[in-house]
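[1] Coordinates for the following, if possible.
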Amino acid sequence: MARSLQEETAIMSADRRSIAADDMDTLRRALLLGAIVGPAAFGRARAQGTFPERPLRLIVPYPPGGGTDAFGRRVAARLGQELGQRVVVENKTGAAGVVGMLELLRARPDGYSMVFGGASTHALYPLIFAKPQYDPVEDFVPVALVGANTVCFMARNGVATDLPGLLAEARRLPGQLRFGSPGAGTFVHLAGEYLLHAAGRVEMLHVPYRGNGPAMVDLLAGNIDAVADTIVSGLPHHQEGRVRMLAVASLRRSPLAPDVPTVAEVLGLPNFETSLWSLLAVRRDTPAALVAALHAAARKALEATDFQAELRAAGIEPAPVMSPEEVGAYVRAEQAKWRPIVEATGVRME
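    Residues are numbered from 1 along each chain as shown. Next comes the predicted model:
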């Protein structure tokens with residue numbers, strides 16, 4: 001039913017127009033001379049210097065402490081190394097990531113502001129919200145697809161020892177068990193709804209939070225019964241025995257938690273797979289040369305074996321290198337994949 005990140009990207013065109021990392025010096029010289037982007041695009045002063053000539057910011061539309069925030073900070077640190085300037089993370093939270101996305105649209109299209117978007121903000125948002133405040137395809141241009149977090153399902157101690165047990169309890173008490181997510185309309189929320197739907201339209205009460213961190217706090221306190229989360233943020237609590245990770249939503253078990261089965265194993269759903277992919281994006285009207293410079297830095301980071309190892313150690317699968325055009329096609333394909341799931345689960349936000 002659903003393809004993994006690697007399967008989705010494998011079918012895309014091999015005709016890439018992305019700029020290789022060793023083109024950075026050439027690109028900077030071109031910017032210096034104003035040959036690519038002239039004064040009318042971003043001012044005479046900037047046309048006289050190299051890009052970037054000051055720190056950049058990466059807007060993370062979720063609060064500190066969650067898996068997406070941790071992922072974004074890793075990317076920001078490495079991207080800063082490649083660009084030769086600090087990339088400062090700013091958490092702009094609320095409305096399932098909408099606040100952060102709109103923050104970028106208010107910024108100048110000068111390449112100094114990016115957003116750490118992904119499956120929630122780019123694939124699900126236009127499918128779920130009745131009155132979208134932005135268009136993820138028309139208003140933004142992708143810089144790079146960076147990787148994906150494995151989604152997992154966790155429960156507080158005492159409610160169930162495995163996923164079939166949790167679902168059985170939910171069937172016994174329809175609508176009484178509570179599951180938390182990083183926010184209504186987020187990808188992880190939909191992953192939870194997808195699980196309940198695939199398991200036979202099991203009823204649980206959804207409790208939205210402003211990010212993974214607050215949801216986990218309430219799970220640890222016993223205020224909710226389960227969470228849909230990412231393995232990155234949930235694994236330490238599972239390893240400490242404070243909560244139980246019941247299953248992962250990948251097609252294979254995670255090497256970080258080989259004791260945790262897949263949903264496919266325990267429920268007999270062979271194609272059940274969801275991964276929370278993330279990307280870097282800027283405003284659509286950002287000059288193409290600046291998008292190319294940011295893409296070149298991101299590409300160099302993603303091709304570095306030490307950075308790939310760092311991401312995998314944190315439970316993140318690095319994305320294959322794709323051009324901005326290919327990332328755009330990937331986003332549209334993900335929207336098409338999730339549309340029937342959204343319609344089947346009936347999730348809708350005003």
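[2] Looking at the chain, which helix is longest?
    helix 324-345 (DSSP state H).
[3] quick one: pLDDT of A14?
    A14 carries a pLDDT value of 39.
[4] which parts of the top strand by length along the chain are buried?
    Identified as the longest strand of the chain according to DSSP state E is strand 140-156. Buried residues in strand 140-156, counted by 16 or more other CB atoms under 10 Å: 140-156. C-betas here are computed from N, CA, C, even on glycine.
[5] just to revisit the earlier point, mind giving me the packing neighbours of the longest helix of the chain?
    With contacts defined as 3 or more CB pairs under 8 Å, 6 or more residues apart in numbering; DSSP states H and E, helix 324-345 has these neighbours: helix 5-10, helix 125-128, strand 140-156, helix 187-198, strand 275-283.
[6] Give me the contacts around the second one.
    Counting contacts by CB atoms under 8 Å, 6 or more residues apart in numbering, the residues outside helix 125-128 that touch it are 96-98, 101, 132, 134-136, 185, 190, 335, 338-339, 342, 347-349.
[7] Now the buried members of those residues.
    Buried members of the contacts of helix 125-128, counted by 16+ other CB under 10 Å: 96-98, 101, 134, 136, 185, 190, 335, 338, 342, 347, 349.
[8] in the chain, which spans are strands?
    Under the criterion DSSP E, the chain contains strands at 56-60, 87-91, 113-118, 140-156, 178-181, 205-208, 226-230, 243-248, 275-283, 316-318.
[9] Of all these, which one comes closest to L196?
    Among those, strand 178-181 comes nearest to L196, with 8.3 Å by CB to CB.
[10] List the neighbouring strands of the closest one plus their orientation.
    strand 205-208 (parallel), strand 226-230 (parallel) (DSSP bridges).
[11] pLDDT below threshold where in the stretch 101-250 of the chain?
    Under the criterion pLDDT under 70, no range of the stretch 101-250 of the chain is flagged.
[12] Can you report how many residues neighbour R108?
    R108 is flanked by 12 other residues according to other CB atoms under 10 Å.
[13] W338 contacts G185, doesn't it?
    No. Here W338 does not reach G185: they are 11.9 Å apart, not a contact under CB atoms under 8 Å.
[14] anything in contact with each of these two?
    Contact criterion CB under 8 Å, 6+ apart; residues shared by W338 and G185: L124.
[15] before we move on, back to that, adding distance to E53 as columns, could you present the helices and strands packed on helix 324-345 in CSV?
    Shown next, in CSV, are the helices and strands packed on helix 324-345 (distance: least, CB to CB, whole Å):
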stretch, distance to E53
helix 5-10, 33
helix 125-128, 33
strand 140-156, 18
helix 187-198, 35
strand 275-283, 17
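[16] Give the buried residues for stretch 163-173.
    Buried residues in stretch 163-173, counted by 16+ other CB under 10 Å: L163, L166, L167, E169, A170.
[17] just checking, which of those residues belong to helices?
    Mapping those onto helices (DSSP H) picks out L163, L166, L167, E169, A170.
[18] Just give me the closest of these to G211.
    L166 (22.7 Å).
[19] Wait, that closest one touches R156, no?
    No. Using CB under 8 Å as the test, L166 is too far from R156 to be in contact (10.0 Å).
[20] Which neighbours do the two have in common?
    Shared contacts of L166 and R156, defined by CB under 8 Å, 6+ apart, comprise D225, A226.
[21] Much appreciated, bye for now.
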